[in-house]
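[1] here's my sequence, what's the structure:
(chains A and B)
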Protein chains: 2
Amino acid sequence: VSGGSDGRITVAAIAREAGVSVPTVSRVLNGRADVAPRTRRRVEELLDRHGYRRASFWKHDPLLDLVFDDLDSPWAVEIIRGVEEVARELELGMVLAAMHGDAGKARNWLRNVRARGTNGVIMVTSFLEPGQQDELLRRDIPTVIVDPAGRPADDVTTIGATNWAGGLTATRHLLELGHRRIGFVAGPERLLCSRARLDGYRAALESAGLGLDPALVIEGDFHHESGFLAAQALLTTPHPPTAVFAASDQMAFGVYEAVRRSGLRVPDDISVVGFDDLPQARWACPPLTTIRQPLTEMGRMAVRTIAQLIRGEPINTPRVELATTLTVRSSTIAPV
Amino acid sequence: VSGGSDGRITVAAIAREAGVSVPTVSRVLNGRADVAPRTRRRVEELLDRHGYRRASFWKHDPLLDLVFDDLDSPWAVEIIRGVEEVARELELGMVLAAMHGDAGKARNWLRNVRARGTNGVIMVTSFLEPGQQDELLRRDIPTVIVDPAGRPADDVTTIGATNWAGGLTATRHLLELGHRRIGFVAGPERLLCSRARLDGYRAALESAGLGLDPALVIEGDFHHESGFLAAQALLTTPHPPTAVFAASDQMAFGVYEAVRRSGLRVPDDISVVGFDDLPQARWACPPLTTIRQPLTEMGRMAVRTIAQLIRGEPINTPRVELATTLTVRSSTIAPV
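    Modelled structure (predicted):
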């Protein structure tokens, strides 16, 4: 029987040797009842014989580290909720941390991850420097990156959303309503997701025969204030846009505020599209048209993937992008 | 030198014997630089001689469990942020869990708390049955309850907000504007904080010479939908209120929606006051007048208190209520 690339025996190899499917081996590992007694015995025997490492997963206090860059955004709790839900099912304790963009804190955290014997790490956006990322991998701690910010090492599993398609869809929606001058409040350029959304915006403009006007693109930081300031700048240009696409819901709410303060109205004077579909988008005034990111589902999938990695099961694909979808509410209409 | 009631030596006793203040001993325990070398040596010597148990706090992987009933509310993240901030300063790992009102989950969690050697527990609302609470205390795991839901055991430390005063202030604000028929969307009756807010509402009415009209009080569950349904009921009574006080911001947003759908406007036709002051209250339309709960500060204080309990330091008071304050925005005006 052949092992994984690192010499460890894999669930797939056990399944082959036992002549059963991979899910059957998983069921045995999970102690589920729906496995025939004879099959269970055969699988258990092979797991023991090959010294399959499940002890670390099933000892009494398995831990999962969930790490954010910051906790100051309402979308963090959407991911936390999904992670908590599946972690509880799998009886994994969830350790929550935030790095606040501080390399020293990242070092401390890495030291503690080792000390407490964390079984797996979910990073939301990858704040680690390449060297630190390597250290996690070298220590063989299963790692999944949600919404990768930079280019992760090739062997790191990532779960993202279709940011490019989302940027394209939001912009197309405005183009189809008849808008031609569409402002864009971008996310920070260093983040991959920001660049993908910007490229989607550009692609939609180009396929409509329009070029990107650099005067209409302003970079924000995903928070309210930056959307507010960007919209103030856009509204005071000589030839202001009739619609604004903001790369986060929070920035879209900042745009709302700037529009209000300048005596204009959404959507009568300016249409606005956001990105995220936070719960408060439904309750905003007017309710926000936005691109839905399946944040909670991304959190759920991250834990399921970590559990697979911990058990040594094969991952179908190391790069997953969950679909974004357009939710049309009341902040977008045809230009006057 | 005398120890604590359980025979362990306390920081206060060490301080007495060393002839220094309690904060000085804390600074030594925390490895801070601002202690004179000679003082530090004397304190260190006494700590060693009396076998002061700081090993469990300062070993490499101290953990703190933060437990919610549910994570489905935006106020959870406000508390999480405060806990994370101070936990990071103190290099405590934060384990996050939610019980979802399930006694079996609470049992599992309690088992895991023991297994992973958690150093302290912060419970947000106390979902534990008295027997389970006793078990935590019996195991000598320092515990702090934030926003206590029921009557906690006398020896549990709690951190809450001045809910009664908040209810009083919100209602007084509406009375001062001239409202006389004020609806109240209450929180679940089983929670202490709900009852305190209701009593504050009643006290304000009574001190204005008005009685509580039971037809104007409807119980919700703190979520949007229940505020929406409660407001629909209030608006269709024969003699509807001119203002509504909702015991949570989320329910207040539900009230907004019901008012909008019935063709009326906030605040022109109906004034609305919330409770919490979530970040989105500022960005609601109209911006919401609400009672501010210092949620992040409650989280911060909970960790500081846990750290004191872990170190065996005396707690000034086992019952703390942080002040609530009225934030007036644009959802309240005089009745027409």
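[2] who's in contact with the nearest residue to residue A:247 once chain neighbours are set aside?
    Setting aside the residues directly before and after it, residue A:247 is nearest to residue A:187 in space (CB to CB, 6 or more residues apart in numbering or on different chains), at 4.4 Å. Where you see a C-beta, it was placed from the backbone N, CA and C, and this is true even at glycine. Taking CB atoms under 8 Å, 6 or more residues apart in numbering or on different chains, we find residue A:187 in contact with A:193-194, A:197, A:219-222, A:247-248.
[3] out of these, list just those in helices.
    Here DSSP state H is the test, and the contacts of residue A:187 give A:193-194, A:197 as lying in helices.
[4] tell me the one of the residues you listed nearest residue B:90?
    Closest to residue B:90 out of these is residue A:193 (32.6 Å), distances taken as CB to CB.
[5] and the gap between the closest one and residue A:147?
    Residue A:193 sits 6 Å away from residue A:147, going by CB to CB, to the nearest Å.
[6] which neighbours do those two have in common?
    Counting by CB under 8 Å, 6+ apart, the residues touching both residue A:193 and residue A:147 are A:160-161.
[7] spell out which residues of the stretch 101-250 of chain A are next to chain B.
    A:105, A:108, A:111-112, A:115-117, A:224 (CB under 8 Å from any CB of the partner chain).
[8] residue of chain A with the smallest distance to chain B?
    Of all residues in chain A, the one sitting closest to chain B is residue A:285 (2.5 Å; CB to the nearest CB).
[9] what's the burial count for that residue?
    When neighbours are counted by other CB atoms under 10 Å in any protein chain shown, residue A:285 registers 20.
[10] also residue A:308?
    Using other CB under 10 Å, residue A:308 has 20 neighbouring residues.
[11] over to residue A:26?
    Neighbour count for residue A:26, taken as other CB under 10 Å: 18.
[12] what's the distance between the residue nearest to residue A:247 and residue B:75?
    Counting by CB to CB, the separation of residue A:187 from residue B:75 is 26 Å.
[13] and if you look at residue A:96?
    To residue B:75, residue A:96 is 16 Å away according to CB to CB.
[14] more neighbours: those two, which one.
    The residue with more neighbours, out of residue A:96 and residue B:75, is residue A:96; 23 against 20, by other CB under 10 Å.
[15] just say helix, strand or coil for the more buried one.
    Classification of residue A:96 using DSSP: H, G, I helix; E, B strand; the rest coil returns strand.
[16] and the closest residue to it other than its chain neighbours, how far from residue B:77?
    The shortest distance from residue A:96 to any non-neighbouring residue, by CB to CB, 6+ apart, is to residue B:96 (4.5 Å). Noted for residue B:96: a distance of 11 Å to residue B:77, by CB to CB.
[17] what does residue A:334 give?
    For residue A:334, the distance to residue B:77 (CB to CB) stands at 37 Å.
[18] who has more neighbours, these two?
    Taking other CB under 10 Å, residue A:334 and residue B:77 do not tie; residue B:77 has more neighbours (25 against 13).
[19] so which residues of the stretch 201-336 of chain A form helices?
    In the stretch 201-336 of chain A, the helices defined using DSSP state H, counting those that start in this stretch lie at A:224-235, A:249-261, A:295-311.
[20] check the ones you listed for me and report the most buried one.
    Of all the helices of the stretch 201-336 of chain A, helix A:249-261 carries the top mean neighbour count, a mean of 25, counting by mean count of other CB atoms under 10 Å in any protein chain shown.
[21] burial of residue A:52, as a residue count?
    As a burial measure, residue A:52 scores 22 neighbours (other CB under 10 Å).
[22] next up, the contacts around it.
    Residues in contact with residue A:52 (CB under 8 Å, 6+ apart) are A:9, A:11, A:14, A:46, A:312.
[23] now the second one. Nearest residue, chain neighbours left out?
    Once flanking residues are discounted, residue A:11 sits nearest to residue A:313: 4.4 Å by CB to CB, 6+ apart.
[24] before we move on, what about the last one?
    If you skip the residues right next to it in sequence, residue A:312 has residue A:10 as its closest partner in space, 4.9 Å away by CB to CB, 6+ apart.
[25] phi and psi next, for that neighbour.
    phi -110, psi 160 (degrees, to the nearest 10).
[26] quick check: buried residues in stretch A:324-332?
    Buried residues in stretch A:324-332, defined by neighbour count with 16 or more other CB atoms under 10 Å in any protein chain shown: A:324, A:326-327, A:329, A:331-332.
[27] which of the residues you listed fall within strands?
    Counted as lying in strands by DSSP state E, out of these, are A:326-327.
[28] with distance to residue B:252 and pLDDT added, can I get the buried residues of stretch A:324-332 in JSON lines?
    As requested, the buried residues of stretch A:324-332 are arranged in JSON lines below (distance: CB to CB, whole Å; pLDDT from 0 to 100):
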{"residue": "A:324", "distance to residue B:252": "30", "pLDDT": "95"}
{"residue": "A:326", "distance to residue B:252": "29", "pLDDT": "97"}
{"residue": "A:327", "distance to residue B:252": "23", "pLDDT": "97"}
{"residue": "A:329", "distance to residue B:252": "20", "pLDDT": "96"}
{"residue": "A:331", "distance to residue B:252": "21", "pLDDT": "98"}
{"residue": "A:332", "distance to residue B:252": "26", "pLDDT": "98"}
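[29] tell me which two of the buried residues of stretch A:324-332 sit farthest apart.
    Distances among the buried residues of stretch A:324-332 were taken as CB to CB; the most separated pair is A:324 and A:331, at 17.3 Å.
[30] export the helices of the stretch 201-336 of chain A to TSV and tack on mean pLDDT?
    Below are the helices of the stretch 201-336 of chain A laid out as TSV (pLDDT from 0 to 100):
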stretch	mean pLDDT
helix A:224-235	96
helix A:249-261	95
helix A:295-311	91
